[in-house]
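Undergrad: Would you be able to build a 3D model of this:
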Amino acid sequence: MKTEARKRARERLDERLAPLKPAERFRAPPKGWVRAVRDALGMSGVQLARRLSVQPPSVAALEASEESGAIQLKTLRRAAEALDCTLVYALVPNDTLEGAVRARARKIALRDLGRVSHTMKLEAQETPDGSTDERLETYIRDKVKERDLWDKP
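TA: I've put the predicted structure just below:
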């Protein structure tokens, strides 16, 4: 079953990413990681340029591009290696991946059930108010397909 396999994959990723939360702990220093590490090592821009086999103005441009958020990953990786560092790259979800899927399914169910409820009110066919959470869970289980969760904004 593909849905179960995806759920297990989400859970494994959630476990791997959990130690990276909160992501604010890894926010880049104001002038960027390259500049911060270079300064901490006591390495000049000229020395880093030599290690990268580039001209010194290229180091200034590299650091400026990191600071502005425009640096390319391959450039950042090269700089990390020149500083005897390892570039760590990850996308850290704001919630868990499983939580994001559940929230999206709930949003779709609320939207769809709201439309049905409105139409039934207009046609004077309103049903007695049962447990909203129960109705939502049933609707999600029976109607909301995981493959369709991200089709619409």
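Undergrad: Now do the SS call for the residue nearest to the spatial centre of the chain.
TA: Closest to where the C-alpha atoms of the chain average out (C-alpha atoms, centre = their mean) is Pro93, at 3.8 Å. Following DSSP: H, G, I helix; E, B strand; the rest coil, we place Pro93 in the coil state.
Undergrad: Quick one: residues contacting it.
TA: Pro93 makes contacts with Asp14, Leu17, Ala100, as judged by C-beta atoms under 8 Å, 6 or more residues apart in numbering. For the C-beta atoms, the positions are set from N, CA and C on the backbone; glycine is no exception.
Undergrad: what number of residues lie near the last one?
TA: The tally of other residues near Ala100 (other C-beta atoms under 10 Å) stands at 15.
Undergrad: returning to what we had before: would you list the contacts of Pro93 in TSV and tack on distance to Arg77, secondary structure and pLDDT?
TA: What follows is the contacts of Pro93, written out as TSV (distance: C-beta to C-beta, whole Å; DSSP: H, G, I helix; E, B strand; the rest coil; pLDDT from 0 to 100):
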residue	distance to Arg77	secondary structure	pLDDT
Asp14	26	helix	95
Leu17	21	helix	94
Ala100	28	helix	93
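Undergrad: Out of those residues, which comes closest to Thr86?
TA: Proximity of those to Thr86 (C-beta to C-beta) peaks at Leu17, which lies at 17.7 Å.
Undergrad: quick one on the thing from earlier: wait, which of the contacts of Pro93 is closest to Lys74?
TA: Among the contacts of Pro93, and counting by C-beta to C-beta, the member closest to Lys74 is Leu17, at 23.4 Å.
Undergrad: What residues does Glu98 make contact with?
TA: Neighbouring residues of Glu98 by C-beta under 8 Å, 6+ apart: Lys7, Arg10, Glu11, Asp14.
Undergrad: For the protein, which residues score under the pLDDT cut-off?
TA: 1, 115-131 (pLDDT under 70).
Undergrad: how's this protein carved up into domains?
TA: Following automatic domain parsing, the chain resolves into domains at 1-17+93-153, 22-82.
Undergrad: okay, those domains, which one's buried deepest?
TA: When you average the neighbours per residue for each of those (mean count of other C-beta atoms under 10 Å), domain 22-82 leads with a mean of 15.
Undergrad: can you give me the end-to-end distance of it?
TA: 28 Å (C-alpha to C-alpha, to the nearest Å).
Undergrad: how far does it sit from the chain's center?
TA: The chain centroid and the centroid of domain 22-82 are separated by 23 Å, computed with C-alpha atoms, centre = their mean, to the nearest Å.
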